[in-house]
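Engineer: The following block contains a protein sequence and its predicted model.
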Amino acid sequence: MEPLADTSTLDMYGSQSALRPSGFGASMTYDLTLVMTVFFGVVFVFVMALLVFAWRRETPAGHWWVWSGGIILPVVTIVTLMTASTAILVASTRSDDQALVIDVTGYQFWWDVVYDPDGIALRDANELVLPADRAVTLRLKSNDVIHSFWVPSIAGKMDMIPGRINTLTIRPQEPGRYRGQCAEFCGLSHPRMAFEVVVLEPEAFDAWLLTTQGEARDMARPELLDGKQVFIDEGCSACHEIRGVAEGGRLGPDLTRVGARASLGAGMWRMNQGNLAGWIADVGDMKPGAQMPSYNHLSGPELRAVSAYLASLK
């Protein structure tokens with residue numbers, strides 16, 4: 001099994017940096033950061049110059065520069081920055097009646113994603129596919145403890161609190177792949193709770209949403225049919241749904257297109273048959289604290305069959 005090193009994660013997900021903005025909210029935050037950096041750089045130089053001036057020359061107490069530099073300048077600066085940052089916060093998260101609505105629910109330690117929740121157009125996990133240049137309203141919830149949704153290249157963070165729904169309206173601007181992360185300590189595998197954001201052109205997103213709905217494709221190869229049967233016989237459908245095969249499972253991620261995801265375990269392992277087999281056999285070793293039980297009682301042929309079947313679901 002091959003864990004994802006930092007460089008591999010960037011290759012898979014693209015940027016996780018607020019200094020490479022690709023969304024409306026992230027761009028406004030980046031611009032404010034640049035202005036603040038330059039402004040306070042100037043203030044720092046000015047204060048150091050005053051310090052040198054005071055050091056080399058005796059200055060009467062209460063001189064004008066003490067009042068201006070110690071009281072007037074800080075008050076004006078703080079009020080200006082508070083006003084600017086509040087305006088940016090309101091503008092970057094302003095709701096839109098025409099926005100696509102997506103439910104995102106945080107679990108220990110994975111992400112449940114439902115597109116168009118009123119009609120349940122599609123349910124997925126640990127991956128968020130968004131259209132570029134279109135408003136998307138995320139309804140953020142938690143099923144257990146406090147989590148925090150954060151994709152620094154696209155928007156600011158928002159807490160996910162049990163018992164309530166927080167909304168965050170984002171506007172991705174550039175197609176690409178981006179990395180998101182839980183930004184609130186939520187338990188043993190908190191650092192291993194990432195997700196992928198894929199931003200597509202609007203037409204490509206509409207086509208993706210249309211083609212990924214419906215049932216999982218039928219299996220033709222005998223070993224995949226055997227794997228499908230193992231999945232059913234072992235009771236995996238109690239927690240996991242595969243549309244058209246096993247429906248109703250909501251405790252764990254939807255597996256209808258699990259093989260198409262870039263990673264396994266919410267961003268921690270490359271998606272391939274070998275890692276799937278290791279996950280099924282000993283999930284606690286690959287992700288401490290995960291709620292799924294290990295199926296180490298499966299025989300070698302059964303483990304190979306069910307992992308091959310899951311890897312084929314795209």
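Structural biologist: Thanks, I have the structure now.
Engineer: Quick one: neighbours of residue 224, just the number.
Structural biologist: 19 (other Cβ atoms under 10 Å). The way it works is simple: take the backbone N, C-alpha and C, and place the C-beta from them, glycine included.
Engineer: brain fart, residue 257
Structural biologist: As a burial measure, residue 257 scores 18 neighbours (other Cβ under 10 Å).
Engineer: isn't it right up against residue 212?
Structural biologist: Yes - when contacts are counted by Cβ atoms under 8 Å, residue 257 is listed as touching residue 212 (6.2 Å).
Engineer: what touches both of those two?
Structural biologist: residue 124 (Cβ atoms under 8 Å, 6 or more residues apart in numbering).
Engineer: And residue 39, what's its pLDDT?
Structural biologist: The model reports residue 39 with a pLDDT of 85.
Engineer: how much space between it and residue 85?
Structural biologist: 13 Å (Cβ to Cβ, to the nearest Å).
Engineer: Likewise for residue 235?
Structural biologist: Applying Cβ to Cβ to residue 235 and residue 85 gives a distance of 51 Å.
Engineer: Residue 52: how many residues sit nearby?
Structural biologist: A count of neighbours around residue 52, defined by other Cβ under 10 Å, yields 10.
Engineer: Spell out for me which residue occupies the centre of this protein.
Structural biologist: The centre of the chain sits closest to residue 180, judged by Cα atoms, centre = their mean, with a distance of 3.1 Å.
Engineer: so which helix or strand takes in that residue?
Structural biologist: strand 176-182 (DSSP states H and E).
Engineer: Now do the same for residue 299: its pLDDT.
Structural biologist: So residue 299 comes in at 90 (pLDDT).
Engineer: again, but for the one 5 residues further on
Structural biologist: Here the pLDDT value assigned to residue 304 is 90.
Engineer: so who does the residue nearest to it when sequence neighbours are not counted touch?
Structural biologist: Counting by Cβ to Cβ, 6 or more residues apart in numbering, residue 277 is the residue found nearest to residue 304 once chain neighbours are left out, at 6.7 Å. Contact partners of residue 277, counting by Cβ under 8 Å, 6+ apart, are 303-304, 307.
Engineer: Repeat that for residue 81.
Structural biologist: residue 36.
Engineer: part of a helix, is it?
Structural biologist: Yes - with DSSP: H, G, I helix; E, B strand; the rest coil as the criterion, residue 81 is part of a helix.
Engineer: And it, how far from residue 74?
Structural biologist: On the measure of Cβ to Cβ, residue 81 and residue 74 end up 11 Å apart.
Engineer: what do you get for residue 55?
Structural biologist: To residue 74, residue 55 is 21 Å away according to Cβ to Cβ.
Engineer: ok so, going back, JSON lines for the contacts of residue 277, including distance to residue 264, neighbour count and secondary structure?
Structural biologist: Converted to JSON lines, the contacts of residue 277 look like this (distance: Cβ to Cβ, whole Å; neighbours: other Cβ atoms under 10 Å; DSSP: H, G, I helix; E, B strand; the rest coil):
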{"residue": "303", "distance to residue 264": "15", "neighbour count": "20", "secondary structure": "helix"}
{"residue": "304", "distance to residue 264": "16", "neighbour count": "18", "secondary structure": "helix"}
{"residue": "307", "distance to residue 264": "11", "neighbour count": "23", "secondary structure": "helix"}
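Engineer: just those residues now: which is nearest residue 263?
Structural biologist: Proximity of those to residue 263 was ranked by Cβ to Cβ; the top entry is residue 307 with 15.5 Å.
Engineer: quick one: contacts for that closest one?
Structural biologist: Contacts of residue 307 by Cβ under 8 Å, 6+ apart are 227, 273-274, 276-277, 280.
Engineer: Name the helix or strand for the closest residue in space to residue 289 that isn't next to it in sequence, please.
Structural biologist: Residue nearest to residue 289 in three dimensions, not counting chain neighbours: residue 188, with 3.5 Å by Cβ to Cβ, 6+ apart. Following DSSP H and E, one finds residue 188 outside all helices and strands.
Engineer: just checking, residue 188 touches residue 284?
Structural biologist: No - Residue 188 is beyond contact range of residue 284, at 10.3 Å (criterion: Cβ under 8 Å).
Engineer: which stretches of the chain have low pLDDT?
Structural biologist: Along the chain, the parts satisfying pLDDT under 70 run over 1-15, 54, 57-66, 69, 92-93, 117-120, 217-220.
Engineer: So in it, which helix runs the longest?
Structural biologist: In the chain, assigned by DSSP state H, the helix with the most residues is helix 24-56.
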